[in-house]
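Novice: Here's my sequence, what's the structure:
(2 chains)
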Amino acid sequence: MAMKITVDRELCQGHSVCLGECPEVFDVVESDEGYSQVVVLQENPPEELREKVMLAANYCPNHVITVSEE
Amino acid sequence: MPEAAVSELKLPPKVSGEKPGVGHMEEFDVNFAEFLMRCNAECGELAEYNMAGQQTVLMSGPRAQEAFLKTLDKKLSRAAAYQATVPVFGKGVIFDAPPDRMKTQLKIQVDALRYQNMKNYANIIAQEVQDWVAEWGDEGELDFLDEFIRLTLHTACHCLLGSDFRHKMTEEFKALYHDLEKGLQAIAFVDPYLQQPLFAARDKARARLQELISAIIAERRANSDVAYGDALETFMSGTYKDGSRLTDNEITGLVIATMFAGHHTSSGTAAWTAIELARNPDYAANVLEELNTLFADGQALTFEALREIPRLESFIEEVLRLHPPLVLLMRRVIEDIDYNGTLIEAGKTVAISTYGSHRNPEYFPDPERFDPDRPRANTPELMWAYIPFGGGPHKCAGNAFALMQLKSIFAALLTRYEFELVDPPHTYRDDFSAMVLKPSSPCRLRYKKRA
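Specialist: The predicted model follows:
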């Protein structure tokens, strides 16, 4: 079982909580127009980052991040 | 949505009780939340009413609300529905800016709410709350609506414009802001450019505020090595795609727009939270127990410490269900819409009622009962039924700030004081007389220092 991260960019407003919690996995970049947006740097991050990934997912104000197992 | 010839489409059912000339305006003005619930009860998912000639279609239920909230500006325009804000925010600001500039301005507004700034805001709020309760003594009685209007004006002013401005200019800022607020009454939604003393005062206040803010901007540009951690700093450093910066007019506009989005929505919700805590002592005891456990060692109310306080969060969520500060959200229809076989024509307004949605017994059984433990947020079936901050791509970007501030206030207050109602419980009611919902006046509570 490995973590798989997906994000719903339509709902992302670039609050950058994920970047603060887990910069190994998330970045926030300027987009062509509108809000800055999350970018997932590692879709299947290693297990030792699980705790930080979960903080990022739980504290995202717009609940953009989904963590599933595959 | 499927293509269909216009002739095959139905029109939305019309709400009864329309009067010549004014349509439903009079009934709407008496109590618009009740009126909107009547529209839904009479006509169902779509209900068309008439606001002095502006045909408006109320969309009710999770399916219709999802369609409303997910549809982008080019089809359902916020700008066209909120033109009354233009003289208040300023020419060329947000709803008066071309679409691409508006998007950048809104992006820069959210940038001011980013993680790094939020940590600073949490410290500012904790300090403001501490200074406020320092005046309280061991027991007393206060009007908590007035108090929270004052407190949240101080926190907003401090987070937006910095500590220097907060400590030197708050009184003048308050007076100017008051004149701007009066310029956004219902009449402004009919025509914000009428010759009226009200609007003259609004324009004078807008100009003076820009003078004040321009002076700080000039001072800061001359001392560019200082870091402030406030919203003004973010607004000053934001750029458009061509690399140009926001003008002083646009920065002033963003400051005003942020105040309007965040101030009364927060003070009204804080006042209702205080009332519901006093009115529901068992739940309040539950929340206090949690706070005493989490903050047993007297740790500071920092951003990190406030992130997760589940019982307090559920309590505030239930306050927002029963008393959503923005009752009515509106958009102007730019292109004809086929909503499941019904035609909503360009030029009409569409609206959703958070207040009505949150009282729909199908989704919130026994809706008037205050119950922090009932399903609400984080329940997929209720995602488009529980909408205190709207939802979708235009969801309120201040939601995390608002919740953080409310948690900070009540973590500080509840651990120090107990609260009780001064007046009979049923006399604390929703007041719909302004654009933003608040508790009725007086809003008196007694407080007593905990042993």
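Novice: hey, let's count contacts and neighbours off CA atoms from now on
Specialist: Noted.
Novice: Now do the longest helix anywhere in chain A: which elements does it pack against?
Specialist: Secondary structure of chain A read by DSSP state H shows that its longest helix is helix A:50-59. Using 3 or more CA pairs under 8 Å, 6 or more residues apart in numbering or on different chains; DSSP states H and E as the contact test, the elements touching helix A:50-59 are helix A:17-21, strand A:65-69.
Novice: Extract the C-alpha set from it and format it as CSV.
Specialist: Taking Å, rounded to 0.1, in the frame of the first residue of the first chain, the C-alpha atoms of helix A:50-59 are listed here in CSV:
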residue,chain,number,x,y,z
ARG,A,50,2.5,10.4,5.8
GLU,A,51,2.1,12.4,8.9
LYS,A,52,3.0,15.7,7.2
VAL,A,53,0.9,14.9,4.2
MET,A,54,-2.2,14.2,6.4
LEU,A,55,-1.7,17.6,8.2
ALA,A,56,-1.6,19.3,4.8
ALA,A,57,-4.8,17.5,3.7
ASN,A,58,-6.7,18.0,6.9
TYR,A,59,-5.8,21.7,7.3
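Novice: Name the residues of the host helix or strand of residue B:204 that are buried.
Specialist: Using DSSP states H and E, residue B:204 maps to helix B:197-222. Neighbour counts using 16 or more other CA atoms under 10 Å in any protein chain shown place B:198-199, B:201-203, B:205-206, B:209-210, B:213-214, B:216-217, B:220 of helix B:197-222 among the buried residues.
Novice: same check, this time on stretch B:233-249
Specialist: B:233, B:234, B:235, B:236, B:238, B:246, B:248, B:249.
Novice: Mind checking which of those residues land in helices?
Specialist: Cross-referencing these against helices under DSSP H gives B:233, B:234, B:235, B:236, B:248, B:249.
Novice: OK, contacts around the most centrally placed residue in chain B?
Specialist: When chain B is reduced to its mean C-alpha position, the nearest residue by CA atoms, centre = their mean turns out to be residue B:265, at 3.8 Å. By CA atoms under 8 Å, 6 or more residues apart in numbering or on different chains, the contact set of residue B:265 is B:325, B:326, B:436, B:437.
Novice: how near is it to residue B:292?
Specialist: Counting by CA to CA, to the nearest Å, the separation of residue B:265 from residue B:292 is 28 Å.
Novice: What residues does the nearest residue to residue A:35 once chain neighbours are set aside make contact with?
Specialist: Nearest non-adjacent residue to residue A:35, counting by CA to CA, 6 or more residues apart in numbering or on different chains: residue B:107, 4.6 Å away. By CA under 8 Å, 6+ apart, the contact set of residue B:107 is A:13, A:34, A:35, A:36.
Novice: Ok, residue A:59 next?
Specialist: Applying CA under 8 Å, 6+ apart to residue A:59 gives the contacts A:17, A:18, B:307.
Novice: Isn't the first one up against residue B:111?
Specialist: No - taking contact to mean CA atoms under 8 Å, the distance of 11.6 Å between residue A:17 and residue B:111 leaves them out of contact.
Novice: thinking residue B:262 is in contact with residue B:400, fair?
Specialist: No - applying CA under 8 Å as the test, residue B:262 and residue B:400 come out as separate, 11.3 Å apart.
Novice: Nearest to residue B:225 among the contacts of residue A:59?
Specialist: residue A:17 (26.1 Å; CA to CA).
Novice: Just give the number of residues close to the closest one.
Specialist: Residues lying near residue A:17 (other CA atoms under 10 Å in any protein chain shown) number 24.
Novice: now residue A:16: how far from residue B:99?
Specialist: Separation of residue A:16 from residue B:99 (CA to CA): 24 Å.
Novice: go on, residue B:348?
Specialist: 20 Å.
Novice: Just want to know which of the two has more residues nearby.
Specialist: Set residue B:348 next to residue B:99 and count neighbours by other CA under 10 Å: residue B:348 wins out with 22 against 16.
Novice: Tell me where the model's unsure across chain A.
Specialist: When residues are selected by pLDDT under 70, none of them lie in chain A.
Novice: Enumerate the residues of it near chain B.
Specialist: When proximity is defined by CA under 8 Å from any CA of the partner chain, chain A lies next to chain B at A:10-17, A:20, A:33-36, A:59, A:61.
Novice: 10 Å instead?
Specialist: Applying CA under 10 Å from any CA of the partner chain, we find that chain A lies next to chain B at A:9-21, A:30, A:32-36, A:58-63.
Novice: Quick check: what element follows the helix or strand harbouring residue B:154 along the chain?
Specialist: Using DSSP H and E, the element containing residue B:154 is helix B:144-182. Using DSSP H and E, the helix or strand that follows helix B:144-182 in sequence is helix B:186-190.
Novice: one step back: and of the ones in helices among the buried residues of stretch B:233-249, the nearest to chain A?
Specialist: Among those, residue B:234 lies closest to chain A (CA to the nearest CA), at 13.3 Å.
Novice: State the pLDDT value of that closest one.
Specialist: The score at residue B:234 is 97. That number is its pLDDT.
Novice: and the closest residue to chain A within the stretch 351-451 of chain B, which of the three is it?
Specialist: Among the residues of the stretch 351-451 of chain B, residue B:393 lies closest to chain A, at 5.0 Å counting by CA to the nearest CA. Classification of residue B:393 by DSSP: H, G, I helix; E, B strand; the rest coil places it in helix.
Novice: Pull the contacting residues for the residue nearest to it when sequence neighbours are not counted.
Specialist: Spatial nearest neighbour of residue B:393, excluding adjacent residues (CA to CA, 6+ apart): residue A:11 at 5.0 Å. Contacts for residue A:11 (CA atoms under 10 Å, 6 or more residues apart in numbering or on different chains) come out as A:35, A:37, A:62, A:63, A:64, A:65, B:70, B:391, B:392, B:393, B:394, B:395.
Novice: So which of these wins on neighbours?
Specialist: residue A:35 (26 neighbours).
Novice: pretty sure that residue is touching residue A:15, no?
Specialist: Yes - Residue A:35 sits in contact with residue A:15 when judged by CA atoms under 10 Å, with a separation of 9.1 Å.
Novice: Between the two, which contacts overlap?
Specialist: By CA under 10 Å, 6+ apart, residue A:35 and residue A:15 have these common neighbours: A:28, B:107, B:110, B:111.
Novice: check contacts around residue 60.
Specialist: You didn't say which chain, so I picked chain A. The contact partners of residue A:60, by CA under 10 Å, 6+ apart, come to A:12, A:14, A:15, A:16, A:17, A:18, A:21, A:54, B:400.
Novice: The chain in question should be chain B.
Specialist: Residue B:60 touches B:36-37, B:39-41, B:43-47, B:66, B:68, B:351-354, B:356-357, B:360, B:385, counting by CA under 10 Å, 6+ apart.
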